[in-house]
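Peer 1: Have a look; sequence and predicted model below, questions after that.
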Amino acid sequence: MKAARLMEPYKIVLEEAPVPQITPDEVLLKIICFGICASDQQIYHGKHKYAAMPVVMGHELTAVVQEAGSAVTGFKAGDKVTVEPQVYCGACTPCKQGRFNVCENLKVIGVHLDGGNREYMAIDPKYLHLLPPELDDEVAALVEPLSVGVGSIKRSRMFRGGNVVVMGAGTIGNLTAQAAKGLGAGKVLICDILQEKLDYALECGIDFAANTAKIPLEQAILDAFGPQKADVIVDCVAAPALFESILQAARPNSEIIMTGNYKEPVRFEVPLMQRREISLIGHMMYVREDYADAIRLLSEGRINTTKVISQRYVFADYPKAFVFADEHPEQVMKMIVRLHDRN
């Protein structure tokens, strides 16, 4: 089989590898397609603080069960599945509390361990989710990034019926804003500096969109929500300079949810957060229930995906996707790479 291994920053090798032999407790997956995300690009650039290298990336997967081990229950050959890529210990306190997304010994498939950028992979079925057969293969590859958005919103205690701001209208921002609507938020404002992505967010049913290159965030929030302002602000951008404006715009007794992947420390005014009783909430990936919600929202047609997938590649051209993303970042939402047809 073919596998794409990142040997060092900017160097992906399409290598020959044996098809994995499964144990009785594993399943063999045939990878249909996978998405490329911002974390993959960080790893590719050598800027991901925790990633292993060399590594086979890939954690946004649509696959079919090729073979199920003799001891496996709940999955059979031909089942359409996606992978929840968190490998957790199950023994630490966060795991026992059901927050295995912040397991003290967490490893992520495609980041610390070889992932799905290959034709076949063996995996413990506890990391799998069944997908409706009728769900489009490429749309199914969006379950993982949508789960990030679902998990972000569910970290809030104020989003139901509340005013939600999402900073960033890229893939994660767009899907987070749509997740907020799908999970019961009142009104949602999305902010970015790229007008085309804001226009698409409006097509997706987001209530308000503001170009913060043209209007200050505080004013955008007032224009959208009036004096009630925002109950929740979700930061999907992770830019230190932007965080200062988020904190300034946050209403007393509101929440800021940190979803974007910051690459450097941020200085901010702690007394302002304290005196306004602003809750600063860290968010990491998702839990199993978030995956179930994401699959449900996609299956019910509650998420507009018409322009989320911006580029498509065959596996042989996979390295070209990273070059394109570096040269044309403004054109990229989600790049999909296809390996196999379903049959």
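Peer 2: Yes, it's here. Numbering: from 1, shown residues only.
Peer 1: Could I get the average pLDDT for stretch 25-44?
Peer 2: Averaging pLDDT along stretch 25-44 gives 96.
Peer 1: Pick out the residue closest to the middle of this structure.
Peer 2: By Cα atoms, centre = their mean, the chain has its centre lying nearest to residue 145, at 2.5 Å.
Peer 1: give me phi/psi at it?
Peer 2: phi -60, psi -30 (degrees, to the nearest 10).
Peer 1: give the contact list for the closest residue to residue 111 other than its chain neighbours.
Peer 2: Nearest non-adjacent residue to residue 111, counting by Cβ to Cβ, 6 or more residues apart in numbering: residue 51, 5.1 Å away. C-beta coordinates here come from the backbone N, C-alpha and C atoms, glycine included. Contacts were defined as Cβ atoms under 8 Å, 6 or more residues apart in numbering; by that measure residue 51 touches 42-43, 111-112.
Peer 1: Outline the domain layout of the chain.
Peer 2: Per automatic domain parsing, the structural domains of the chain span 2-142+308-338, 147-282.
Peer 1: Tell me which of those is the most buried.
Peer 2: Mean neighbour count (mean count of other Cβ atoms under 10 Å) peaks for domain 147-282 among the domains of the chain, with a mean of 20.
Peer 1: who touches the residue nearest to the centre of the chain in this structure?
Peer 2: So residue 145 contacts 35, 37, 60, 171-172, 175, 334 (Cβ under 8 Å, 6+ apart).
Peer 1: Which of those residues fall within helices?
Peer 2: 171-172, 175 (DSSP state H).
Peer 1: Dump the residues you listed into a markdown table; add pLDDT and distance to residue 141 as well.
Peer 2: Converted to a markdown table, those look like this (pLDDT from 0 to 100; distance: Cβ to Cβ, whole Å):
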| residue | pLDDT | distance to residue 141 |
| --- | --- | --- |
| 171 | 95 | 11 |
| 172 | 96 | 14 |
| 175 | 98 | 12 |
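Peer 1: Return the member of those nearest to residue 47.
Peer 2: residue 172 (17.4 Å; Cβ to Cβ).
Peer 1: Chain neighbours aside, what residue packs nearest to the closest one?
Peer 2: That would be residue 236: by Cβ to Cβ, 6+ apart, it lies 4.9 Å from residue 172.
Peer 1: Surely the one you found and residue 168 touch.
Peer 2: Yes - using Cβ atoms under 8 Å, residue 236 is in contact with residue 168, at 3.8 Å.
Peer 1: Quickly list what's touching both of the two.
Peer 2: residue 260.
Peer 1: you'd agree residue 245 is up against residue 215?
Peer 2: No - using Cβ under 8 Å, residue 245 is not in contact with residue 215, being 11.5 Å away.
Peer 1: Adding distance to residue 300, write the domains of the chain out as JSON lines.
Peer 2: Supplementary listing: the domains of the chain in JSON lines, determined by distance: least, Cβ to Cβ, whole Å:
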{"stretch": "domain 2-142+308-338", "distance to residue 300": "10"}
{"stretch": "domain 147-282", "distance to residue 300": "8"}
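Peer 1: so which of those domains comes closest to residue 298?
Peer 2: domain 2-142+308-338 (6.1 Å).
Peer 1: What segments of the protein are helices?
Peer 2: With DSSP H as the criterion, the chain has helices spanning 38-44, 93-96, 137-140, 143-154, 171-182, 195-203, 217-225, 240-249, 270-275, 288-299, 318-327.
Peer 1: For residue 246, which residues are in contact?
Peer 2: Contacts of residue 246 by Cβ under 8 Å, 6+ apart are 167, 217, 233, 235, 256.
Peer 1: For these, work out which two are farthest apart.
Peer 2: Once Cβ to Cβ is applied, the contacts of residue 246 give 217 and 256 as the farthest pair, at 12.1 Å.
Peer 1: low pLDDT regions in the protein?
Peer 2: Along the chain, segments meeting pLDDT under 70 span 342-343.
Peer 1: top strand in it by residue count?
Peer 2: strand 27-36 (DSSP state E).
Peer 1: Can I get that strand as CSV, trimmed to CA atoms?
Peer 2: In CSV, the C-alpha atoms belonging to strand 27-36 read as follows (Å, rounded to 0.1, in the frame of the first residue of the first chain):
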residue,chain,number,x,y,z
VAL,A,27,-10.3,-3.7,12.6
LEU,A,28,-8.6,-2.9,9.3
LEU,A,29,-9.8,0.3,7.7
LYS,A,30,-9.7,1.1,4.0
ILE,A,31,-9.3,4.9,3.9
ILE,A,32,-11.7,6.6,1.4
CYS,A,33,-10.7,10.2,1.9
PHE,A,34,-9.2,12.6,4.5
GLY,A,35,-9.1,16.3,5.2
ILE,A,36,-6.1,18.5,5.7
